[in-house]
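In: Can you look at this prediction? I've put the sequence above it.
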There are 2 protein chains.
Amino acid sequence: MGLRERKKQRTRDALIDAALDLFLAKGYEATTIDQIAARVEVSPRTFFRYFASKEDVALSLTADEQKMLLAELTARPESEPPFTALSQAMRSLLGILREADEATASRYRRCQQVVHSTPTLLAGMMRLLKENERRLVAEVARRLKASPCDLLPQFIVSVFVSVILACVDEHAQDPAALARRLDDLLTLAERSLRPGWDMPVRSGAADPAPATG
Amino acid sequence: MGLRERKKQRTRDALIDAALDLFLAKGYEATTIDQIAARVEVSPRTFFRYFASKEDVALSLTADEQKMLLAELTARPESEPPFTALSQAMRSLLGILREADEATASRYRRCQQVVHSTPTLLAGMMRLLKENERRLVAEVARRLKASPCDLLPQFIVSVFVSVILACVDEHAQDPAALARRLDDLLTLAERSLRPGWDMPVRSGAADPAPATG
DNA sequence: TTGTCATCTGTCATGAACTGACATAAGTTA
DNA sequence: TAACTTATGTCAGTTCATGACAGATGACAA
């Protein structure tokens, strides 16, 4: 990797760090692009060559996390039921983040903190989640040998995403509390759902579910 | 109601209509506040006295819908299980929208169309949904005589929201298709969940759920 | 009807978030 | 070193959003 590439990566990281520091210190809205750029000693115009917007720099790590979640899902064994695979992928992701070096971990932690305390960024995060949802649905549909338009893959991923969103909720600043809350919610979900709910119904067999009773 | 109030209401409606028309014709991003204001023949400054932002005017009807959903939920009988109450509240809301006069119905339809075709607005809509979620959780917790911090009320509303979000997904431009998709998803949800999942576990009794087996 | 008051509206000025165009600086490669 | 590619800085311009102030307009009492 050449000097040019390394410099770019360093500038990018420096911009993220400067942005997160300022967002934490004075709030997201009160921080200007000029201030972020000044701290890294680049022109404001250069900032926009690295990030499309102020929101983009705040959510770049969140976007990374989403990519990693998708990667973890595709790495799960095919035999696993879809919802189990999603749950385990999420647990793997949390594990990876826990094992990262301190500089990286701190970056993720500050990002989490900033996003949770800024409505605009919360909305942006949900947009990212929704965008990734489409890819998760496609992967789940592939595993179920179903179409991505079917209701079942969509429903499975929706339930999963809703659990993730419930984790996000105000609590869980530190990773440990977040992991605990995630486990509690996933346990509750497994207790609440019928066994085999995330596998397709065999159309030939009689439906064992007694409907609403 | 005085002349002043009526004029204000008319200006507000005119701004919404003009905005939706322009958003549909040229896209949300390509439309400027100046153009919206010009069409209603008010100054751009006046626009901001009615709406806090460009996003605000696009999502004002969505915000109204959320308020109505909460109202419908509180109107449901106390005896209903929470998830049933939420489902019925949503069905009532769709019914109300179907019965509205043509001008109003068209407004909601165009709003839906614009929001679905604009990522920024989709994110904003999800922010509104999330804000309302807190109120829904509070109401469900009240019905369950539980704390709003308990996992169960949060989980019930999360599942409900996930169904709503799955409805939103790309399809369902016209209200009929939307209602059908909602019914399909609610049916799927009821089939997937154990009977009584949305009622608190009696702590004294033995747990009838055989866990993951 | 008239005068007073509250409120709505337009005009102006300002700042921050972007974006395109172009010249300059820096790195890469022959 | 020379030529080429790419990153950066400067500058000008657009749009969104907000504060300040003055003028217009509906509300209301006498």
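Out: Thanks, I have the structure now.
In: which residues touch the residue in chain A that DNA strand C sits nearest to?
Out: Scanning chain A for proximity to DNA strand C using CB to the nearest atom of the strand identifies A:Arg4 as nearest, at 2.3 Å. For the C-beta atoms, the positions are set from N, CA and C on the backbone; glycine is no exception. Counting by CB atoms under 8 Å, 6 or more residues apart in numbering or on different chains, A:Arg4 touches no other residue.
In: In which helix or strand does it reside?
Out: If you go by DSSP states H and E, A:Arg4 is part of helix A:3-26.
In: Pull out the buried positions in whichever helix or strand comes after that helix.
Out: Downstream of helix A:3-26, the first helix or strand assigned by DSSP H and E is helix A:33-40. Neighbour counts over helix A:33-40 (16 or more other CB atoms under 10 Å in any protein chain shown) mark A:33, A:36-37, A:40 as buried.
In: Can you add pLDDT and distance to A:Glu55 and give those back as a markdown table?
Out: Formatted as a markdown table, the buried residues of helix A:33-40 follow (pLDDT from 0 to 100; distance: CB to CB, whole Å):
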| residue | pLDDT | distance to A:Glu55 |
| --- | --- | --- |
| A:Ile33 | 98 | 11 |
| A:Ile36 | 98 | 13 |
| A:Ala37 | 98 | 16 |
| A:Val40 | 98 | 18 |
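In: May I see the buried residues of stretch A:102-116?
Out: Buried, per 16+ other CB under 10 Å, within stretch A:102-116: A:107-112, A:114-116.
In: So which of the residues you listed belong to strands?
Out: If you go by DSSP state E, these have nothing in strands.
In: Next, the contact list for A:Thr11, please.
Out: A:Thr11 neighbours (CB under 8 Å, 6+ apart): A:40, A:42, A:46, A:50.
In: and what of A:Glu131?
Out: By CB under 8 Å, 6+ apart, the contact set of A:Glu131 is A:Gln66.
In: what do you get for the one 10 residues further on?
Out: Listed by CB under 8 Å, 6+ apart, the contact partners of A:Ala141 are A:147-148, A:150, A:153.
In: Tell me the most packed of the residues you listed, by neighbour count.
Out: Sorting the contacts of A:Ala141 by how many neighbours each has (other CB atoms under 10 Å in any protein chain shown) puts A:Pro153 first, at 24 neighbours.
In: Quick check: phi and psi at A:Leu193.
Out: Backbone dihedrals for A:Leu193, given as degrees, to the nearest 10, come out at phi -100, psi 150.
In: so it bridges to which residues?
Out: Going by DSSP bridges, A:Leu193 is paired in beta bridges with B:Leu193.
In: Neighbours of it, how many?
Out: Every residue meeting other CB under 10 Å relative to A:Leu193 is counted, giving 19.
In: any idea how far it is from A:Cys111?
Out: Going from A:Leu193 to A:Cys111 by CB to CB, to the nearest Å gives 32 Å.
In: Check which helix or strand A:Lys145 maps to.
Out: A:Lys145 belongs to no helix or strand when assigned by DSSP H and E.
In: next one: phi and psi at it?
Out: Here is the backbone geometry of A:Lys145 (degrees, to the nearest 10): phi 50, psi 40.
In: Then A:Ser147?
Out: Backbone torsions for A:Ser147, taken as degrees, to the nearest 10, come to phi -80, psi 140.
In: can you tell me which residues contact it?
Out: Counting by CB under 8 Å, 6+ apart, A:Ser147 makes contact with A:Ala141.
In: And the one 5 residues further on, by the same measure?
Out: Contacts were defined as CB under 8 Å, 6+ apart; by that measure A:Leu152 touches A:144, A:146, A:198, A:200, B:188.
In: So which of the buried residues of stretch A:102-116 is the closest to B:Leu121?
Out: Among the buried residues of stretch A:102-116, A:Val115 lies closest to B:Leu121 (CB to CB), at 19.8 Å.
In: and the spatially most central residue of chain A, what element?
Out: Central residue of chain A (CA atoms, centre = their mean): A:Gln66, 3.9 Å from the mean position. Using DSSP H and E, A:Gln66 sits within helix A:54-75.
In: That helix near DNA strand D at all?
Out: No. Residues of helix A:54-75 are not located near DNA strand D by CB under 7 Å from any atom of the strand, the shortest gap being 12.5 Å.
In: In this structure A:Thr120 contacts A:Glu55, no?
Out: Yes. Contact criterion CB atoms under 8 Å: A:Thr120 and A:Glu55 qualify, at 6.9 Å.
In: By mean pLDDT, which helix or strand of chain A comes out lowest?
Out: helix A:175-192 (a mean of 88; mean pLDDT, DSSP states H and E).
In: What helices and strands are in contact with it?
Out: Packing contacts for helix A:175-192, counted by 3 or more CB pairs under 8 Å, 6 or more residues apart in numbering or on different chains; DSSP states H and E, involve helix A:82-99, helix A:151-168, helix B:151-168.
In: Touching the first one from outside, list them.
Out: What that stands for is helix A:82-99. Contacts for helix A:82-99 (CB under 8 Å, 6+ apart): A:65, A:68-69, A:72-73, A:75-77, A:80, A:105, A:108, A:136, A:140, A:143-144, A:153, A:156-157, A:159-160, A:164, A:175, A:178-179, A:182, A:186, A:189, A:193, A:197-199.
In: distance between it and the chain's centre?
Out: Its chain's average C-alpha position is 11 Å from that of helix A:82-99, according to CA atoms, centre = their mean, to the nearest Å.
In: residue ranges with poor pLDDT in chain A?
Out: Residues of chain A meeting the criterion pLDDT under 70: A:170-173, A:202-213.
In: ok, 80 please
Out: Along chain A, the model assigns pLDDT under 80 to residues A:1, A:168-176, A:201-213.
In: Contact residues of it facing DNA strand C?
Out: Within chain A, the residues that sit near DNA strand C (CB under 7 Å from any atom of the strand) are A:2-5, A:7, A:31-34, A:44-45, A:48, A:52-55.
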